[in-house]
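Engineer: Give me coordinates for this.
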Amino acid sequence: MADAVLKRLIARKIVDVKDEPSARAAIRHVLLDNLHAEERLEADARQILLEHAKAIKDSAADYRQLFPKVKEKLARDRGFIL
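Structural biologist: Below you'll find the predicted structure:
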């Protein structure tokens with residue numbers, strides 16, 4: 001994935017790269033950080049829903065509908081773009 005991103009950046013002349021392996025490693029690092037941040041976001045959303053499981057069950061709300069909403073709110077609060 002990092003290679004594809006780098007190729008597009010170079011092809012569109014967005015970046016001028018002198019050391020492709022270093023640039024690829026930097027892009028890989030950013031992508032992995034982003035994926036880990038999203039995993040933490042999802043785990044936190046699941047935890048919030050678990051903490052409110054009784055209220056969710058009593059209100060007949062649907063977990064599948066609530067999960068994306070909670071995740072989106074957490075992302076917005078944390079300045080994370082999904």
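Engineer: Show me the longest helix that occurs in the chain.
Structural biologist: helix 20-51 (DSSP state H).
Engineer: So what's the gap between the helix or strand following it and the chain middle?
Structural biologist: Sequence-wise, the next helix or strand downstream of helix 20-51 (DSSP states H and E) is helix 53-59. Centre-to-centre, helix 53-59 and its host chain are 27 Å apart (Cα atoms, centre = their mean, to the nearest Å).
Engineer: got the CA positions of helix 53-59 in CSV?
Structural biologist: The C-alpha coordinates for helix 53-59 follow below in CSV (Å, rounded to 0.1, in the frame of the first residue of the first chain):
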residue,chain,number,x,y,z
ALA,A,53,-25.5,-2.7,27.3
LYS,A,54,-28.4,-2.8,29.8
ALA,A,55,-29.8,0.6,28.7
ILE,A,56,-29.3,-0.4,25.0
LYS,A,57,-31.2,-3.7,25.6
ASP,A,58,-34.0,-2.0,27.6
SER,A,59,-34.5,0.6,24.9
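Engineer: mind listing what's buried in that helix?
Structural biologist: Residues of helix 53-59 classed as buried: none (neighbour count, 16 or more other Cβ atoms under 10 Å). C-beta coordinates here come from the backbone N, C-alpha and C atoms, glycine included.
Engineer: Does anything pack onto the longest helix of the chain? Which helices or strands?
Structural biologist: With contacts defined as 3 or more Cβ pairs under 8 Å, 6 or more residues apart in numbering; DSSP states H and E, the packing partners of helix 20-51 are helix 2-11, helix 63-78.
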